[in-house]
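>>> sequence below, structure please.
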Amino acid sequence: MVMAVAATEPREASTLVELVPARGERRKFALQEQRTYAQRLAALLEENMTSAPEFELLRQSESFQSCESVFYAVCEQKFALSAYVQHLVSSLECDDIVCIHALVYLERARAANAQLALNALNVHRLLLTAFSLALKFVEDVSLPSSVVADAGGLRSSAELALMERQFLVLIQHRCFVDLATLSTVSGMLR
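Predicted structure coming up:
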């Protein structure tokens, strides 16, 4: 997903500094910029989602691992992915750096487990988990887990904590994103 579409021109070193706000200094998204980022993020995710028939074949295969079942919802969500992304970005006050980290984390999880294909049953929960971890990694002071869980539509912060632990195992606790990757993914979302 992220690395496969990395055909954008890398930015010069002087412009990379603009990507990362100074420690403790949070760059707020303007409403229009927030919407644009959310729409592009949702479009990237939708392009990389597995269709229902493909997922059913994968789920029935012997190699399908149920250890990531914590990310699967019982049924498909009734709202559009773009609306959910917009809701998370605005409710959690995510800036572009958090969005980029979340997208990189999703790609790392997908790369770590081929059976973890994005689909209508897991994309919302995986995205929420990626945003939650990105917020905790990027921000000096993050929101309480109960606020993040509520914004994502979960029943409890314990459910979010379980998903975060499983996700961290998937990405082998690799939360750092280097400047070159930040630049590449930022270019994809602009």
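>>> in the protein, which ranges drop under the pLDDT threshold?
Counting by pLDDT under 70, the chain contains low-confidence residues at 1-32, 51-68.
>>> can you pull out the helices in it?
Listed in chain order, the helices of the chain (DSSP state H) span residues 13-19, 31-47, 52-60, 81-91, 96-112, 123-138, 145-152, 157-170, 179-189.
>>> which among those helices is found nearest to Val70?
Using CB to CB as the measure, helix 157-170 is the one of these that comes nearest Val70, at 5.3 Å. C-beta coordinates here come from the backbone N, C-alpha and C atoms, glycine included.
>>> okay, the angle between the closest one and helix 123-138?
Angle between the axes of helix 157-170 and helix 123-138 is 80 degrees (criterion: axes from the mean of the first three to the mean of the last three CA atoms, to 10 degrees).
>>> buried sites along helix 157-170?
157, 160, 163-164, 166-168, 170 (16 or more other CB atoms under 10 Å).
>>> distance to Ala73 added to the helices of the chain, as CSV?
CSV is the format used below for these (distance: least, CB to CB, whole Å):
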stretch, distance to Ala73
helix 13-19, 33
helix 31-47, 15
helix 52-60, 13
helix 81-91, 12
helix 96-112, 16
helix 123-138, 6
helix 145-152, 11
helix 157-170, 11
helix 179-189, 25
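>>> would you list the buried residues of helix 157-170 in JSON lines and tack on distance to Arg108?
Listed next are the buried residues of helix 157-170 as JSON lines, based on distance: CB to CB, whole Å:
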{"residue": "Ser157", "distance to Arg108": "24"}
{"residue": "Leu160", "distance to Arg108": "19"}
{"residue": "Met163", "distance to Arg108": "15"}
{"residue": "Glu164", "distance to Arg108": "14"}
{"residue": "Gln166", "distance to Arg108": "13"}
{"residue": "Phe167", "distance to Arg108": "9"}
{"residue": "Leu168", "distance to Arg108": "10"}
{"residue": "Leu170", "distance to Arg108": "7"}
